[in-house]
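S.K.: can you look at this prediction? I've put the sequence above it.
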Amino acid sequence: MAQLGFYYDMTICTSCKVCQIACSDKNDLEVGTLFRKVHNFEGGKFPKPWAYNLSMACNHCAEPKCTKNCPTGALYKREKDGIVMFDEEKCIGCKLCTWSCPYGAPKYIESKGKSGKCNFCVDLIDAGEQPACVDACQMRALEFGDIEELRKKYGNTADIKGLPESGITHPSITITPNKEAMK
Amino acid sequence: MFAEEWPLMMFTLISQLAIGSFIMLVLIRSMLAKKDALSAQRLTSFGFLAVGPIMALALFFSLFHLGTPMGAYRSILNLSSSWLSREILTAGLFFVLWFATYKAYQKENAGNALGWITSLVGLLTIFSMASIYSSSIRPAWSNAHTFIAFFGATLVLGYAGTMALIGHIVKGQTLSAEAMAALKKVGYAAAVALIIPLIYLPVYFGNLNSGDAAAQASSMLLSGSYLIPLVLRWVLSLIGVMMLINVIVKQSKGAKTLPANSILLAVALILVGEFIGRYVFYASAVSIMIG
Amino acid sequence: MANLVDKAITHKLSRRSFLGLSAGAVAAVALPGCGLQKVDAEKAAELSQKEGEWITAACWHNCGGRCLNKAYVVDGVVLRQKTDDTHPDSPDFPQQRGCARGRSHRKMVLGADRLKYPMKRKNWEPGGGKKELRGKDEWVRITWDEALDIMASELKRVKEKYGNAGFFAPAGGSGGGMEPQRLLNAYGGCTERWGNVSWGSWPDVYSTVTGLPNNGASSGNDRFRLRDSKLIILWGANPAQSSQGLPTYNYLQAKKAGAKFIVIDPLYTESARTLGDEWIPVRPATDTTLLLGMAHHIITNNLLDQKFLDNCTIGFDADHMPEGADPKENFKDYVLGTYDGTPKTAEWASKICGVSAEIIQKFAQEYATTKPAAIISGGAPARINNGEHLPHAMMTLAYMTGNVGIPGAGVSPNMHNSATNAGPALVQPGGNGIPKVNNPIAQNRINSGEMWDAVLNGQFTESKGKKIDVNIQMIWNWFSHTLNQRAGATRGIEAHKKVEFAVAQNLFLTTDARYSDLVLPVTSQWERLGGLLTGNREILIYHTQVIKPLFEAKSDMWIVTEIAKRLGVDTKIVNPISEEQQLYNAIAGAKVIKADGSDYEKLVTMTAEDIQELGAKGTPQTGRISYQEFKEKGIYQVPRSRGDKLEFTSFEDFLADPVGKKLATPSGKFEIYCDSLSKKIEKIGFSTKSPIPKYDPPLEGYEDGLKDGYNFQIVTIHYYRRSHSTLDNVPWLREAFPQEFWMNASDAANLGIKNNDIVKVTSRHGTVIRPAYVTERIMPGVVALGEGAWVEMDEQAGVDKAGSTGILNGHIATGQGHSGYNSCNVKVEKYDKPLEPDVKWPQRIIF
């Protein structure tokens, strides 16, 4: 099975959050629910501060805990490309996915009584387009594709400061980190 | 926290009460079956009846946790990997078997096998329940502590529930020496079930303190904001269990009756203690998510 | 298009949930003709089965960028947006990708807080009517007839009683020639506002020193030539935030090509983080001392490009002074302190600007010994009171090192749309054909820094020593959110409460609308016929109508035309050309540069059918692309590649032949001694400036703060969340970018302030409260707040809860009459009451 994943170049991300907004637009999310979120980290001491950003959606993990724990099968991995899919019809709103994902990808949506999450804009991908976030990035810091290809091109860094240990779910993401973000 | 998680608190506590009570009742029944069949029947029949509605209440509460309760039936669609599916399946099975057991045990001479099978399913329910929390991303939960706490609570609550149910049915009547002995034994069992988690507590803290940031945050919560509730929880449960055992030991030597007020007070202390314990369990869990 | 149908079907679920609008007032959906309303499930399902259309949607704000924005519309319902995908993306021929604000447009245009009907203040009556209630009175819905009648009668009344000077139309800027002003001018004129707000002190300095008739934005290098730079100094420029779209990405290409970046800014911005090899924090309004300290190092270490100075400049030293000037008044001797006894050493500068002498010297050394090096300034450092010395000193520094006129070198304020892409526009729209209506009382122009005082006190400065009386009794707000966005909003609110009549045309109940008597709902660009938008020099965008007008919103032109009818003003003067014809004129007149750069040619081929489709009159023409292609893509992007004939570096000609190709300055050279600048500033009448750049502490700068006990300097930053004040009301953006008050961790610790504590910030002019963002990313002693939040006064406490910087900034006129937002001193203290995050505030929904 192939596995799609994301590449994120933290070093050039300006935290403009257009990925976050493009995602909310594509998925019609209301305030309070973000399928992709730009996180900000900072430290150091003036005049030598450091800061880095982290844009993160679902990492479509190789071994997701959400699909394993979901009691209804609403969350499942698509055979073809390893996308962690979400079937809203099946979801019963038990919130277990939100307890399961170390990356906080599935979100419980109160108004629906169901969860929701990034599905890699599967409809766009299937139509030969790019996910909304990747298409939106002003700095071209986000890419998507076969994760093995991306890892060949950009290395394999999914363990950075601020993120849980990648061994838990084997996320399909590789990151070019700032030096302060390296573990 | 309470506003969000109360259905789960109620579900776990009440289902553990139901299953624990059932197990205790089966224990008592089997201990007395040969020695004092009459007492075995008299002491447990009301209890066996009550377990079902209590379990139903627990399941009812669990629906409030769901955003889409009408879809609750779909929760058993992922038995192959989801502990939640397994929990709901075993809980449902327990409920069905409870009914069979209850019907069967209306006859005095019914064997204990069915009761034990149902108890085993009940224990599997508790195991599944603990596994749900244990497989989460909250280090405070993904720890042997969850199993120890849930099984412990099942027996302690079961003991309290059983004593309350029996106390309600015998209402000051004199019990046989065998009956008193059986109650004493289950009391000791409950005491052990209470003490083991307490003994494990330092190990739990040790695990959290040597864990990641989220684990340490939980540890800080437990030894900070939730220290008083945590202490209170143990004091109340300990006093409650001691009181019950004390009553039985005293009464075994004396009048062999169950003084309703003392029993109710002790049961109340245990229920409050376990409730606070469960509250702390939910409130102190910190997720390892980004940040 | 067939796959769109499939897509629509796959999307059924999410779309249904969108249309279902479970969150009620938070969002809204437009249906043709019926405005914002909830769509039932049946209608939603029906829509989701239909094929929609991607329409090029206007993204029209003054944001500092310009990108392609498209809306997916099914049956008049906007379902989602996207950006440029009209061609494959590459660094050399990049897509024009939009920002978070652009991508949120549907939440603004279709926001539940759109003004739906004309409305008046409940207690309003001709002549005022409980004027003190402005800003807090109830609103009453009225008909357009009533609204237009009120407008006509108030205009007549004020004109009769106070004359045309009693009308104040403060929009100014690029809005100056727009609709209400046309009507007012046709009706006998009005008092206007003047004074640049964005470019600080750059415009007059740049134009007088170089002789180019502009503010310097189009000088410097285009994006390809930037890749020739060895050193790029971003001086108070934060393109990541202030010029979204391509600039930061273009800079990244220069960085990849080998340029080193040094960023000068009191804030460790995202530009500094992503581009900067070095960050040099400097105190606001003191950059001139840093520049002089560098100049001192360069002079005393013989790092001057003497040839450049001799051939291309005047006024650097006593030997190169213009005729008639005092030879002692030369720049070199000023820096060396020959006559004033104060050498402007790095140590001297360090005490004022807060940069260590060592860093100043190292920086100067590096700059002077690196060629080509470009200094690219934002407007921010020059956005200070009496700030003309700063750009002048910055330009002088570049002249001293000869870093001008060679590819990759330069000194200019390349901000806003010109960031990373200086040079003449390669493609541009035609005119719309509307003749200007002149203001018969055009001498009644009040500077931004005096306008509210003029309303309150009845007097303004016309020129040096000349004050003119004025009695303003009507304020007509439209287009530019003047009350919120000009310095001195505290005075502005008082002024609004004083006049007899205030009216606002807007999309929302913005600050100026809130303090008006009459509010008229206007259509957004999405609801209008369409138009052309310019951005960076390589693009021209053609946006078309996305949805029908919402509720009773009308165009500004419709409004003034209807009023004109009631006033008996000739509507042919106010509204001479149909919208369709204007659009046609702009498209047909659009021109694009030829590949060899020699000349422009027509951009659009238009057939008779195309012209008919537009509903205009004209003759068919041949251009580079077809009208239909232009309309469908919504953009024309000039093909570019490295080494093409369209690359640009300013002053290459002059440098090649300084004698033959003289500059349009009196000396024909760059004027380090610039008498015309001095005279210009003096004539304006607010402050004076010596002909050479010196350090003249700005009013309310660092020194004034120390003196008066306002121990923090505040800088007002362009904010990710909005374009100036536009889009500040969009919940998505409020969630993504909270309006935080930046302060250094050590300062916060001294004041007992923790991250997210609510703090009270008081300047000499007003007070705001905001949550503190405690960080190491800002210089101690400096605090920062994003400009553009919509004033939300807590009248009892006397504080603005939104953190609008206009409240803090002083109503001050200096220099060339520019706004000095970044010279402002504040006190900071912990606030004792809680403040809910503004994303949770109720939207300003009246009806």
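M.R.: Noted; the coordinates are in hand. Residues are numbered from 1 along each chain as shown, chains lettered A, B, ... in the order given.

S.K.: and the residue nearest to the spatial centre of chain A, how far from A:Ala22?
M.R.: Nearest to the geometric centre of chain A sits A:Ala57, at 2.2 Å (CA atoms, centre = their mean). Distance, A:Ala57 to A:Ala22, using CB to CB, to the nearest Å: 11 Å. Every residue, glycine included, has its C-beta placed from N, CA and C.

S.K.: now chain B against chain A: closest residue?
M.R.: Per CB to the nearest CB, B:Gly67 is where chain B lies closest to chain A, at 2.2 Å.

S.K.: and the nearest residue to that residue once chain neighbours are set aside, what does it touch?
M.R.: Counting by CB to CB, 6 or more residues apart in numbering or on different chains, A:Gly93 is the residue found nearest to B:Gly67 once chain neighbours are left out, at 2.2 Å. Counting by CB atoms under 8 Å, 6 or more residues apart in numbering or on different chains, A:Gly93 touches A:Tyr108, A:Lys112, A:Gly113, A:Lys114, A:Ser115, B:Leu66, B:Gly67, B:Thr68, B:Gly71.

S.K.: direction included, what does whichever strand or helix holds the fifth one pair up with?
M.R.: Taking DSSP states H and E as the definition, one finds A:Ser115 inside strand A:114-116. The pairing partners recorded for strand A:114-116 under DSSP bridges are strand A:107-109 (antiparallel).

S.K.: how much space between the residue in chain A sticking out farthest from the centre and chain B?
M.R.: Distance from the C-alpha centroid of chain A peaks at A:Pro47, with 32.8 Å (CA atoms, centre = their mean). Separation of A:Pro47 from chain B (CB to the nearest CB, to the nearest Å): 26 Å.

S.K.: ok, that residue touching C:Glu278?
M.R.: No - assessed by CB atoms under 8 Å, A:Pro47 is found out of contact with C:Glu278, at 10.5 Å.

S.K.: residues contacting A:Pro106?
M.R.: By CB under 8 Å, 6+ apart, the contact list for A:Pro106 reads A:Cys58, A:Cys66, A:Leu75, A:Phe86, A:Cys97, A:Thr98, A:Ser100, A:Ser115, A:Gly116, A:Lys117.

S.K.: and the nearest residue to it once chain neighbours are set aside, how many neighbours?
M.R.: Take A:Pro106 and drop its neighbours on the chain: the residue closest to it by CB to CB, 6+ apart is A:Cys97, 3.8 Å away. For A:Cys97, the neighbour count with other CB atoms under 10 Å in any protein chain shown is 27.

S.K.: what sits against C:Asn255?
M.R.: Check again: residue C:255 is Lys, not Asn. Shown in contact with C:Lys255 (CB under 8 Å, 6+ apart): C:Phe261, C:Leu275.

S.K.: now the element after the helix or strand hosting it, going C-ward?
M.R.: C:Lys255 is located in helix C:247-256, with elements delineated by DSSP H and E. Next helix or strand after helix C:247-256 toward the C-terminus (DSSP H and E): strand C:260-264.

S.K.: mind giving me the packing neighbours of that next one?
M.R.: Applying 3 or more CB pairs under 8 Å, 6 or more residues apart in numbering or on different chains; DSSP states H and E, one finds that strand C:260-264 makes contact with strand C:231-235, helix C:270-275, strand C:278-280.

S.K.: dump those to CSV, plus mean pLDDT.
M.R.: Compiled in CSV, the helices and strands packed on strand C:260-264 are given as follows (pLDDT from 0 to 100):
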stretch, mean pLDDT
strand C:231-235, 98
helix C:270-275, 98
strand C:278-280, 98
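
S.K.: now render these as CSV, adding mean neighbour count and distance to chain A.
M.R.: What follows is the helices and strands packed on strand C:260-264, written out as CSV (neighbours: other CB atoms under 10 Å in any protein chain shown; distance: least, CB to the nearest CB, whole Å):
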stretch, mean neighbour count, distance to chain A
strand C:231-235, 25, 13
helix C:270-275, 25, 4
strand C:278-280, 20, 7
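
S.K.: looking at those, which is nearest to C:Ile547?
M.R.: helix C:270-275 (33.9 Å; CB to CB).

S.K.: and the contacts of the closest one?
M.R.: With contact meaning CB under 8 Å, 6+ apart, helix C:270-275 is reached by A:11-16, A:51-52, A:139, C:232, C:234, C:237-241, C:248, C:251-252, C:255, C:261, C:263, C:265, C:279.

S.K.: how about a cut-off of 6 Å?
M.R.: Outside helix C:270-275, the residues that touch it by CB atoms under 6 Å, 6 or more residues apart in numbering or on different chains are A:Ile12, A:Thr14, A:Ser15, A:Ala51, C:Asn238, C:Pro239, C:Ala240, C:Tyr251, C:Lys255, C:Phe261, C:Val263, C:Trp279.

S.K.: with stretch B:259-274 instead?
M.R.: Outside of stretch B:259-274, the residues within contact range by CB under 6 Å, 6+ apart are B:153, B:157, B:160, B:163-164, B:167, B:233, B:236-237, B:239-240, B:243-244, B:247.
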